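**Student:** what's the 3D shape of this:
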Amino acid sequence: MQEINSLKIEKMIYVIRGQKVMLDSDLAKLYGVVTKNLNKAVKRNIDRFPDDFMFQLNEQESECLRFQFGTSKKGGRRYLPFVFSEGGVAMLSSVLNSERASKVNISIIRTFIRLRSFLAMDNSLSEKVDKLEQSTNKLFRIVFQRLDLVEENAPKLKPNRKKIGLN
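**Tutor:** From the prediction side, this is the model:
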């Protein structure tokens, strides 16, 4: 099996309750299993999935996702979906013992790592822009002060002087 496209995985990562998570149904598709079976395997090993690794969405969160996907309630799930954080995805590899699960997990973890590095890079760029903005503000302040001095010291023109140009 070839490595899964990380852009495909990125589209399956959501931020819920301040955590980057993946839906059980998306993970089941990636692993090539039925969502119900994935959740059964997790429930058999529930002690490996603390709240920061996996949690169940509440009704409002589920509705919000359903609205985002544009799906209807008819023919949908009978229970609220579970979501898995990066730690939960890593733990899934110990619960799902297949070659495909191992390869999928590697792809997912690499995607999470890449997203984390993008976030760090974004923060770094933001700090650089702030510093640049501060230094340009200082430069503009100096330029305007100098312009004020030039204006104050400029020779005053006579009010009734002869105008040059077309009338």
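
**Student:** dihedrals phi and psi, Gln19?
**Tutor:** phi -120, psi 140 (degrees, to the nearest 10).

**Student:** and for Lys20?
**Tutor:** Torsion angles, degrees, to the nearest 10, at Lys20: phi -80, psi 120.

**Student:** contacts only, for it.
**Tutor:** Lys20 is in contact with Ile13, Tyr14, Ser85, Glu86, Phe112, Leu115, counting by C-beta atoms under 8 Å, 6 or more residues apart in numbering. Backbone N, C-alpha and C define where each C-beta goes, glycine included.

**Student:** check which helix or strand covers the second one.
**Tutor:** Element membership for Tyr14 (DSSP states H and E) is strand 13-16.

**Student:** hmm, who's touching that strand?
**Tutor:** Lys20, Val21, Met22, Leu23, Leu57, Glu61, Leu65, Val83, Thr111, Phe112, Leu115.

**Student:** in strands only, show me the residues you listed.
**Tutor:** The strands, defined by DSSP state E, take in Lys20, Val21, Met22, Leu23, Val83 from the contacts of strand 13-16.

**Student:** off-centre distance for stretch 49-65?
**Tutor:** Relative to its chain's centre, stretch 49-65 lies at 17 Å (C-alpha atoms, centre = their mean, to the nearest Å).

**Student:** and if you look at stretch 130-150?
**Tutor:** Per C-alpha atoms, centre = their mean, the centroid offset for stretch 130-150 relative to its chain is 35 Å.

**Student:** mind listing the helices for the protein?
**Tutor:** 6-10, 24-31, 35-44, 59-69, 86-95, 99-153 (DSSP state H).

**Student:** residues making contact with the third one?
**Tutor:** The contact list for helix 35-44 (C-beta under 8 Å, 6+ apart) reads Asp24, Ser25, Leu27, Ala28, Tyr31, Phe49, Met54, Phe82, Leu92, Val95, Leu96.

**Student:** residues near Glu86, how many?
**Tutor:** Counted by other C-beta atoms under 10 Å, the residues lying close to Glu86 total 21.

**Student:** list the contacts for it?
**Tutor:** Lys20, Ile109, Phe112.

**Student:** distance to Asn137 and pLDDT added to these, as TSV?
**Tutor:** Shown next, in TSV, are the contacts of Glu86 (distance: C-beta to C-beta, whole Å; pLDDT from 0 to 100):
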residue	distance to Asn137	pLDDT
Lys20	35	87
Ile109	42	80
Phe112	38	78
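
**Student:** turn these into a markdown table, columns for distance to Lys36.
**Tutor:** As requested, these are exported to a markdown table (distance: C-beta to C-beta, whole Å):
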| residue | distance to Lys36 |
| --- | --- |
| Lys20 | 24 |
| Ile109 | 24 |
| Phe112 | 25 |
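
**Student:** sounds good, over and out.
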